[in-house]
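**Student:** Need a 3D model of the sequence below.
(3 chains)
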Amino acid sequence: MTTMPATPLLQVQGLRTVFETRAGRVFAVDGVDVTVNPGECLGVVGESGSGKSVTFSSVMGLVRPPGRIDSGSIHFEGRDLRALSPQDMRKIRGRDIAMTMQDALTALNPALTVGEQILEVLYAHDETLPHGRMARRKAARAKAVEMLELVGIASAGDRLKYYPHEFSGGMRQRIMIAIALACRPKLLIADEPTTALDVTIQAQVLELIADIRVRLGMSVVLITHDLGVVSEYCDRVMVMYAGQVVEEGPTASVIQKPQHPYTRGLLQSIPRLSLRGQKIKPIEGQVPDLIDLPPQCRFYSRCSERLDACMNRIDMRELGDLRRARCIRLPEVKA
Amino acid sequence: MQLGKLVERLLQLVPVLLGVSTIVFLMMALTPGDPVEIMIGDQPITPAEELTLRQDLGLDKPIGERFVVFLENAVTGDFGMSLFHRRPVFDVIVERLPATIELSLVALIIALVTSIPLGVMAAIKKNTIIDRFATIGSLLGVSLPGFWFGILLLMLFAVQLRLLPVSGRIGFDSEVAPITHFLLVDTLLRGRLDAFWDALSHILLPAITLGLPMTAILTRVTRTSMLEVLRQDYVAFAEAKGLSRRRILFRHALKNALIPTVSVAALETGSLLGGNMIVETVFGWPGLGRLVVESIFVRNYPLVQAAVLFYAVTYVLVNFVADLLYTLLNPRVKL
Amino acid sequence: MTVADDAAAPAMAADQGKSLFKRNLENFAENRLALASAVLVLIFVLMAIFAPWIAPHDPNETDLFRRLQPPGWMPGGEWSYLLGCDGLGRDILSRIIYGSRISIFIGTAVILVATTIGIVAGLAAGYLRGWVDIAISRLVDILLGFPYLIFAIGLMAMMGPGLFNIILALAYKEWVIPCRVVRGETLAVRELEYVEAARAIGASRFHIMLREIMPNILSPVIVVSTIRMADVIILEASLSFLGLGVQPPTASWGSMVADGRAFILEAWWVSTFPGLAILLLVLVINVASQGLRDAFDPRFNE
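**Tutor:** The predicted structure is shown next:
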């Protein structure tokens, strides 16, 4: 797929989110552009601290002090999200854009039943529910059961009154997905949906998301540090490092021919059966301190191909075929 | 709730109660000085009368036997005669109980009604004026000596402003025939609004004084707990679902945040018992606490012993209920 | 919020290499409020020690002409009797200064006795386990079954008033608090490697408890004990207020407040100033000890 669809579902430009800490100002997201098209799955890859989660928390308007959005524009379905009032933003959250979190055990309230946690989303957003108290409750309950069944939880009707800690890890993650999808959002942001799970359950959850995506015609942003997951489920991928996007493009293309040294390093450090007997090549060095970074390539200290010219501010370069990367060594293609 | 487990926990109380009774008994039996001689003082009394007195008090028997007798009496509620009152000790204590219980309950209510909203607001509006006020208030609340605070209140409201009465439980004209022996309830039941206000004005200052330390502690606990809860993932997830702030606060946050508050409140209720001796003395409140203090000075030891035992048993039972309450509130903790 | 923490981490790494204790003390020093309070506590202590030199008058000297004399700034008052005089014409300021001796001495004595007993009992219970632990834990549970004041009052009623008796009565219940802390810490520490190592060398149980475990559990115990000091002082004052504390003519802040009760209509200063002294001392102890607790909180040191 190399054609650009007409209007992107989500368009983020120049996003900068800053945290004021005791030690200084940290730009967790520093000039990030994101585009999500209808019906596609975007993978966002990066290690801890790369800003991948904060980017999408900013989109959802969930950044709290000491953090705040410093600059940039966020458009969803053409609407400027930053200009919305808190009430209007609340309507979008959960209804049009939904989010799941990494650890379902802490994301679900231990003091409320699973049923209540699904129902409240419906009560908050679903306008198709009937008005009378009893009828409303009945209808909502029916939808909740439907959602749980959709994510593959058996005897859903009974399970509604259970508490989160009474489910297994994989089922909790599914419940979280059920809650997120209850109002049929147009965009699902799944933040590390598989990190806390066993390998076998991981596959089940990912298949579930992929399946629902097709059924509902939904867009998905899959935030992960696992390139393997991305390569299997995502149409496009975006690689982030130290608060910036360093590479993006169609998945197959990026994985076969990575352009940025960091992306290359990531791919090389994946243990693979085919390379049995050879040493794993990790990327040496550490993520730089994000406080008061100088304007230069952030990967500089760990890059095996660095030049003096890398000490300047590096912008994203168009590489053709919908690919972009932030490296001075790459040839610019003015499309 | 598993009944078997409940019974098991109740049975575990028995050794503690036994131990408590032992200590109370030992306190009396082992302290230096002959209680009979102290009771007689300088009164002229014949050896024969002294012997009778000794026998009456059972002090002529060996200590082991005395202990058994003590236990038997404790269980049946027979604590002997209070020579001072010329009535059974038990009756005297029971007569004074309602006043103390009513005072403690009102103090508890005042503490809860004040500390919970204050603590919650301090957490929500962290580092603002309300927060500072709550923090300083808490500090003062635990640092103020109760007896002094009570006197200060008296000087201000009763003496200077003449708003509230100086002592006692109720004015002469407002006496009503007792039903529950709780004046606030009885005056209402008897339809005497004037008497109700009178009773209320009498109980106000002592209840505030008694409840102050608890208010201070509970405010702090609520604030800390609320802050902790607001940082939790499930609150962030609830926000991501687009729920209203109100719903998040009351449904998600409070339910969890109040668990420590209720726990601590239940535990501290026992301490209210310790405090009411001071408060009842300062305000001339006709309750058990003041009775104990008076009895000490007139060397009415049987009564003191019975009262201490009563307080201790109540304390153990209150703590037990507090534990139960905690398991009820926190679905993850079983009996 | 991990982003913010990650960002601050390099700054923390800089002062590794100092002992934990020193770093905690530095944390404490950074908390200016707590530091100021600690200084004030010191001033109180100095006031207590140097009372005879500081007090303007003899605290026990009665002067019926000066009965209920108002404080210096009010009409009828004298500046040399700054806070006025009580019902027997004694200078309130001097009595307050001397009264600090009682409060501080009793507070310190009770805490010292209770902490000592608590450490011994807690170490024994936590390290030796078995029936020693069961016995001590039962005792702790039972003692915890009494509301604090009741127990102390009961004991005082039996033993009679007096300095020694108060210290005993309060320490009787106070020791369970450090005991529980020590027991908990000991349980946590006893499985650590350096204790294993000592055992492997063949060190006696006594040696292990004293030289290996105890130094490492002292910090939390000290913090808890300083926090408790404030409560103990209020308890002593309460006992004195009820007449069960030190006996006249010795000046104790609690009994001074009690004396002033009779005069709340005409001489508010007799009760107010001693109580204010209690409040101030307890307040600064609370602030300082909470600062201490925050400084020693392991979360601060990563």
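**Student:** Low-confidence stretches in chain B?
**Tutor:** Residues of chain B meeting the criterion pLDDT under 70: B:1-2, B:28-43, B:45, B:53-62, B:77-84, B:171-177, B:331-335.
**Student:** All the strands of chain A, in order from the start?
**Tutor:** With DSSP state E as the criterion, chain A has strands at A:10-21, A:24-36, A:41-45, A:67-76, A:79-80, A:97-100, A:187-191, A:219-224, A:236-241, A:244-250, A:317-320, A:323-325.
**Student:** and the angle for the third one with strand A:219-224?
**Tutor:** The reference is to strand A:41-45. Orientation check (axes from the mean of the first three to the mean of the last three C-alpha atoms, to 10 degrees): strand A:41-45 against strand A:219-224 gives 20 degrees.
**Student:** contact partners of strand A:41-45?
**Tutor:** Defining contact as C-beta atoms under 8 Å, 6 or more residues apart in numbering or on different chains, one finds that strand A:41-45 is touched by A:34, A:36, A:52, A:55-56, A:210, A:213, A:219-227, A:229-230, A:233-240, A:251, A:266. To be clear about C-beta, it is placed using only N, CA and C from the backbone, and glycine gets the same treatment.
**Student:** Next, the buried residues of it.
**Tutor:** Under the neighbour-count criterion of 16 or more other C-beta atoms under 10 Å in any protein chain shown, strand A:41-45 has A:41, A:42, A:43, A:44, A:45 buried.
**Student:** Which of those residues sits closest to residue B:210?
**Tutor:** Closest approach to residue B:210 among these (C-beta to C-beta): residue A:44, at 58.2 Å.
**Student:** Distance-wise, check that closest one relative to chain B.
**Tutor:** Applying C-beta to the nearest C-beta, to the nearest Å, the value for residue A:44 to chain B is 17 Å.
**Student:** in what helix or strand does the residue nearest to residue B:180 when sequence neighbours are not counted lie?
**Tutor:** Using C-beta to C-beta, 6 or more residues apart in numbering or on different chains and skipping residues adjacent in sequence, the residue nearest residue B:180 is residue B:186, 5.9 Å away. Following DSSP states H and E, one finds residue B:186 within helix B:183-189.
**Student:** Buried residues, the next helix or strand after that helix. List them.
**Tutor:** The helix or strand immediately downstream of helix B:183-189 is helix B:193-230, counting by DSSP H and E. In terms of neighbour count (16+ other C-beta under 10 Å), helix B:193-230 has its buried residues at B:195-196, B:198-227, B:229-230.
**Student:** Could you do stretch C:111-119 as well?
**Tutor:** Under the neighbour-count criterion of 16+ other C-beta under 10 Å, stretch C:111-119 has C:111, C:113, C:114, C:115, C:117, C:118, C:119 buried.
**Student:** to the chain's geometric centre, what's the distance from it?
**Tutor:** Put simply, stretch C:111-119 sits 12 Å off its chain's centre (C-alpha atoms, centre = their mean, to the nearest Å).
**Student:** now stretch B:130-141
**Tutor:** Here stretch B:130-141 shows a centroid-to-chain-centroid distance of 24 Å under the convention C-alpha atoms, centre = their mean.
**Student:** By proximity to chain A, which residue of chain B wins?
**Tutor:** residue B:242 (3.2 Å; C-beta to the nearest C-beta).
**Student:** Surely that residue touches residue A:125?
**Tutor:** Yes - the pair residue B:242 and residue A:125 passes the contact test of C-beta atoms under 8 Å, sitting 6.3 Å apart.
**Student:** Residues that sit against both of those two, list them.
**Tutor:** What both residue B:242 and residue A:125 touch, as defined by C-beta under 8 Å, 6+ apart, is the set A:91, A:94, A:95.
**Student:** mind putting the residues you listed in TSV, distance to chain C and neighbour count included?
**Tutor:** Rendered in TSV, the data for those read as follows (distance: C-beta to the nearest C-beta, whole Å; neighbours: other C-beta atoms under 10 Å in any protein chain shown):
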residue	distance to chain C	neighbour count
A:91	27	14
A:94	23	27
A:95	27	20
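**Student:** Specify which member of those residues is nearest to residue C:184.
**Tutor:** Set against residue C:184, the nearest of those by C-beta to C-beta is residue A:94 (43.7 Å).
**Student:** can you pull the contacts of the closest one?
**Tutor:** Taking C-beta under 8 Å, 6+ apart as the criterion, residue A:94 is in contact with A:121, A:124, A:125, A:180, A:183, A:185, B:240, B:241, B:242, B:243.
**Student:** Residue B:275 contacts residue B:147, correct?
**Tutor:** No - under the criterion of C-beta under 8 Å, residue B:275 lies out of contact with residue B:147, with a separation of 9.6 Å.
**Student:** burial count for residue C:65?
**Tutor:** The burial count assigned to residue C:65 is 7, neighbours taken as other C-beta atoms under 10 Å in any protein chain shown.
**Student:** Tell me the spacing between it and residue C:78.
**Tutor:** Using C-beta to C-beta, to the nearest Å, we find residue C:65 at a distance of 12 Å from residue C:78.
**Student:** and residue 296, what does it touch?
**Tutor:** With no chain named, the answer covers chain A. Contact criterion C-beta under 8 Å, 6+ apart gives A:310, A:311, A:312, A:313, A:314 as the residues in contact with residue A:296.
**Student:** if you could check chain C rather than the one you did, that'd help
**Tutor:** Under the criterion of C-beta under 8 Å, 6+ apart, the contact partners of residue C:296 comprise C:24, C:27, C:28, C:219, C:220, C:223.
**Student:** mind giving me CSV with these and columns for neighbour count?
**Tutor:** What follows is the contacts of residue C:296, written out as CSV (neighbours: other C-beta atoms under 10 Å in any protein chain shown):
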residue, neighbour count
C:24, 21
C:27, 18
C:28, 18
C:219, 16
C:220, 17
C:223, 20
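**Student:** for the residues you listed, which one is nearest residue A:174?
**Tutor:** Within the set of those, residue C:220 lies nearest residue A:174; the separation is 43.0 Å, counting by C-beta to C-beta.
**Student:** Relative to the whole chain's centre, how far out is the helix or strand encompassing the closest one?
**Tutor:** When secondary structure is defined using DSSP H and E, the element that contains residue C:220 is helix C:214-241. On the basis of C-alpha atoms, centre = their mean, helix C:214-241 is displaced by 4 Å from the centre of the chain it belongs to.
**Student:** quick check: mean pLDDT across that helix?
**Tutor:** Averaging the model's pLDDT scores along helix C:214-241 yields 87.
**Student:** Leaving out sequence neighbours, find the closest residue to residue 157.
**Tutor:** As the question left the chain open, I've gone with chain A. Using C-beta to C-beta, 6+ apart and skipping residues adjacent in sequence, the residue nearest residue A:157 is residue A:145, 5.3 Å away.
**Student:** meant chain C actually
**Tutor:** Counting by C-beta to C-beta, 6+ apart, residue C:157 lies nearest to residue B:296, which is 4.3 Å off, once chain neighbours are set aside.
**Student:** So that neighbour: helix, strand or coil?
**Tutor:** Look at residue B:296: counting by DSSP: H, G, I helix; E, B strand; the rest coil, its state is helix.
**Student:** okay, now the spatially closest residue to residue A:67 that is not a sequence neighbour: neighbour count?
**Tutor:** Closest residue to residue A:67 in three dimensions, ignoring its sequence neighbours and counting by C-beta to C-beta, 6+ apart: residue A:19, at 4.4 Å. Burial measure for residue A:19: 22 neighbouring residues, criterion other C-beta under 10 Å.
**Student:** before we move on, what about residue B:159?
**Tutor:** For residue B:159, using other C-beta under 10 Å, the count is 14.
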